[in-house]
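*Asks:* one predicted model, sequence on top.
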Amino acid sequence: MSESIRLCSVSDIKPDTARRFDVGPHRIALVRIGENEFFAIGDKCSHADYSLSEGEVYADQYEIECWKHGSTFSLKTGEPTVLPATKPVPTYEVKLNGDNIMVEIS
Ligand code: FES
């Protein structure tokens with residue numbers, strides 16, 4: 001069973017940036033691409049304990065880079081696309097409810 005949790009308003013996150021949210025035990029990196037696309041992935045690199053939301057967002061590739069050693073992760077699948085990380089990070093479904101950005105947590 002999943003729960004829908006409000007993270008923030010659309011205006012709280014700038015296009016092509018990421019922001020961290022802690023929801024219970026879940027560390028979530030919310031990423032906005034352009035005006036209308038939102039992705040939520042685990043905000044802990046699978047290589048070591050560093051925050052992906054502090055890394056560069058590559059909007060054209062739908063990827064975010066871990067600033068520590070340079071692995072990039074797909075915002076759509078959570079899979080790493082560059083070494084040294086080899087394991088995916090979790091992904092969460094994002095929904096808009098009016099101006100509210102909601103994330104589905106199971
Ligand atoms: S901690 Fe992220 S690539 Fe090493």
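*Replies:* Sure thing, it's come through.

*Asks:* tell me where the chain has strands.
*Replies:* 3-9, 17-23, 26-33, 37-42, 57-58, 63-65, 72-74, 91-92, 94-97, 100-105 (DSSP state E).

*Asks:* turn those into a markdown table, including distance to Ala48.
*Replies:* For glycine as for every other residue, the C-beta is placed from the backbone atoms N, C-alpha and C. A markdown table is the format used below for those (distance: least, CB to CB, whole Å):
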| stretch | distance to Ala48 |
| --- | --- |
| strand 3-9 | 25 |
| strand 17-23 | 16 |
| strand 26-33 | 14 |
| strand 37-42 | 13 |
| strand 57-58 | 20 |
| strand 63-65 | 14 |
| strand 72-74 | 13 |
| strand 91-92 | 20 |
| strand 94-97 | 26 |
| strand 100-105 | 24 |
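
*Asks:* would you turn these into CSV with mean neighbour count and distance to Tyr50?
*Replies:* Converted to CSV, the strands of the chain look like this (neighbours: other CB atoms under 10 Å; distance: least, CB to CB, whole Å):
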stretch, mean neighbour count, distance to Tyr50
strand 3-9, 14, 21
strand 17-23, 16, 12
strand 26-33, 22, 11
strand 37-42, 20, 12
strand 57-58, 18, 15
strand 63-65, 23, 11
strand 72-74, 22, 12
strand 91-92, 20, 18
strand 94-97, 12, 22
strand 100-105, 18, 21
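
*Asks:* nearest to Leu83, out of those strands?
*Replies:* Leu83 sits nearest to strand 72-74 of all these, at 9.9 Å, using CB to CB.

*Asks:* by contact count, what packs against the closest one?
*Replies:* Counting contacts by 3 or more CB pairs under 8 Å, 6 or more residues apart in numbering; DSSP states H and E, strand 72-74 packs against strand 63-65.

*Asks:* now do the strand it packs on, average pLDDT.
*Replies:* Strand 63-65 shows a mean pLDDT of 98.

*Asks:* partner strands of that strand and their direction?
*Replies:* strand 57-58 (antiparallel), strand 72-74 (antiparallel) (DSSP bridges).

*Asks:* contacts for it?
*Replies:* 18, 29, 31, 41, 52-53, 55-58, 71-75, 81-82 (CB atoms under 8 Å, 6 or more residues apart in numbering).
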